[in-house]
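1. Show me how the following folds:
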Amino acid sequence: LDYMFRKAKVSVEEGMRMAHEAGLDSLPGGGAEIFHPEIREKICADKVNADGWLHIHKTAHELGMHSNATLLYGHIEKFWHRIDHMERLRSLQDETGGFNTFIPLKFRNKDNDMSHVPESSTAEDMRMYAISRLYMDNFPHVKAYWPMLGRQNAQLSLS
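-> Model (predicted):
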């Protein structure tokens with residue numbers, strides 16, 4: 001959305017209003033990755049920055065739309081980067097109430113520029129989900145995304 005709005009030379013507010021009027025009712029929440037600028041620069045420098053991502057979602061919420069939010073974990077970030085990311089989402093949720101679901105996304109190292117980075121263990125995945133359920137208690141749902149976790153681990157994360 002950020003790219004489309006910049007190409008169209010419209011503000012986020014104008015672009016979101018136009019998209020909403022054209023029938024867009026919700027946002028999937030991808031692209032959040034990790035908000036911290038040092039990590040973001042290394043893993044997704046071509047994506048909108050954290051403030052821009054949050055602004056798009058806040059604007060959507062103000063228009064009455066709901067969205068989801070993701071966090072890509074298990075790559076080069078530290079635990080405090082995860083908490084910083086979740087705190088920013090939690091704060092926006094306190095302000096707008098517009099998020100439906102928080103989705104921790106496990107980093108997968110196959111066929112990408114960071115294939116040298118080992119993947120997180122199942123125990124770490126379960127810790128991430130447990131912390132998410134506690135810390136993101138103002139989100140109605142925490143989603144276990146089975147394509148990233150595997151079917152059995154996604155089922156395990158639900159318990």
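
2. measure the closest residue to G64 other than its chain neighbours to S26 for me?
-> What sits nearest to G64 in space, not counting adjacent residues and going by Cβ to Cβ, 6 or more residues apart in numbering, is H20, at 7.9 Å. C-betas here are computed from N, CA, C, even on glycine. When Cβ to Cβ, to the nearest Å is the yardstick, H20 and S26 sit 10 Å from each other.

3. between those two, which one's more packed in?
-> Neighbours around H20 and S26, counted as other Cβ atoms under 10 Å, are more numerous at H20. The numbers are 16 against 13.

4. what's that one in contact with, if anything?
-> Under the criterion of Cβ atoms under 8 Å, 6 or more residues apart in numbering, the contact list for H20 reads 60, 63-65.

5. Farthest-apart pair in these, please.
-> A60 and G64 (8.5 Å; Cβ to Cβ).

6. Of those two, which one has the most company?
-> When A60 is set against G64 and neighbours are counted by other Cβ under 10 Å, the residue ahead is A60, at 24 against 9.

7. coming back round to it: measure the residue nearest to G64 to E14 for me?
-> To E14, H20 is 11 Å away according to Cβ to Cβ.

8. Who are the packing partners of the lowest-mean-pLDDT helix or strand in the chain?
-> Every helix and strand in the chain was compared by mean pLDDT, DSSP states H and E; the lowest is helix 146-149, with a mean of 90. Helices and strands in packing contact with helix 146-149 are listed as strand 99-106, helix 151-157; criterion 3 or more Cβ pairs under 8 Å, 6 or more residues apart in numbering; DSSP states H and E.

9. How far away from the center of its chain is that helix?
-> Between the mean C-alpha point of helix 146-149 and the mean C-alpha point of its chain there is a distance of 15 Å (Cα atoms, centre = their mean, to the nearest Å).

10. again with stretch 116-136
-> Taking Cα atoms, centre = their mean, the mean C-alpha location of stretch 116-136 is offset from the chain mean by 14 Å.
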